[in-house]
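In: using only what follows, build the 3D model:
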Amino acid sequence: MSIENSWNGLTQRQDDDLAALLEPSRLSKLSSHNPLEKIRKNLLMNIVFGFIVCFFYVFIITYYNILQVQIAIGCVLIFSLWALLTAWQEYKKINSSALPSLPVLIELKRHHQSISAWLITQQRVALFVYPVSASGGFMLGGVIGSGKPVEAFIGSSFILISLLVTLIILVPASYYLAKWFSKISFGKHLKALEENIKDLEKEE
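Out: Below is the predicted model:
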């Protein structure tokens, strides 16, 4: 089974029969076609980008002494830290240097299910965070633009309507943009992983 051989060649360092397969040039070639390895790399990129975003939120909270903005961005920061933690947990699960504890087919199914569930959970939880994030950004922009505290400008009907319109536009836009990025980063690799699973099921 070619897929199982590729998996074992990436995970079993002590197998003498696969010593030639584990040569750096061949291993590199195999890794480039391994959807789990691609997902693992994209998870790492996601984690690095998440750290940068978290530092940006910390800067806003500490630099702008605006209580309402600090609360809103603080909530977004908590969500971002949770997203980082769950991404790191998924990253650790895909360890190409560790021996698989289960048969290859079961391992692939487990990873596919885990990553798919992680993406869906991220998207659903984010739906509750987008309104908070948009409101915090709106209030920060209002303070900077008007030079007035939040209480001084947020009470007018025009501002409240503007905030409502902002939420109506930004929340679904943010959701579908995040969903599109997830599809670009993980979608095709999950599809390839699913094809590998189907191929292995046929060979059994």
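In: which SS state does the most centrally placed residue in the chain fall under?
Out: By CA atoms, centre = their mean, the chain has its centre lying nearest to N46, at 5.4 Å. Here N46 is recorded as helix under DSSP: H, G, I helix; E, B strand; the rest coil.
In: ok, the closest residue to it other than its chain neighbours - contacts?
Out: Leaving out its chain neighbours, the residue that sits closest to N46 by CB to CB, 6 or more residues apart in numbering is A87, at 5.3 Å. Any C-beta I mention is one placed from the backbone N, CA and C, and that applies to glycine too. Each residue near A87 by CB atoms under 8 Å, 6 or more residues apart in numbering is listed here: 43, 46-47, 50, 118.
In: JSON lines please, covering the residues you listed and showing pLDDT and distance to I168.
Out: Output for the contacts of A87, formatted as JSON lines (pLDDT from 0 to 100; distance: CB to CB, whole Å):
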{"residue": "L43", "pLDDT": "94", "distance to I168": "32"}
{"residue": "N46", "pLDDT": "93", "distance to I168": "28"}
{"residue": "I47", "pLDDT": "95", "distance to I168": "32"}
{"residue": "G50", "pLDDT": "94", "distance to I168": "27"}
{"residue": "W118", "pLDDT": "94", "distance to I168": "28"}
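In: from those residues, pick the one nearest M139.
Out: Nearest to M139, judged by CB to CB, of the contacts of A87 is G50 at 23.7 Å.
In: is it true that that closest one touches S80?
Out: Yes: counting by CB atoms under 8 Å, S80 is a contact partner of G50 at 6.1 Å.
In: between the two, which is the more surrounded one?
Out: Neighbours per residue (other CB atoms under 10 Å) separate G50 from S80, with S80 holding more: 20 against 17.
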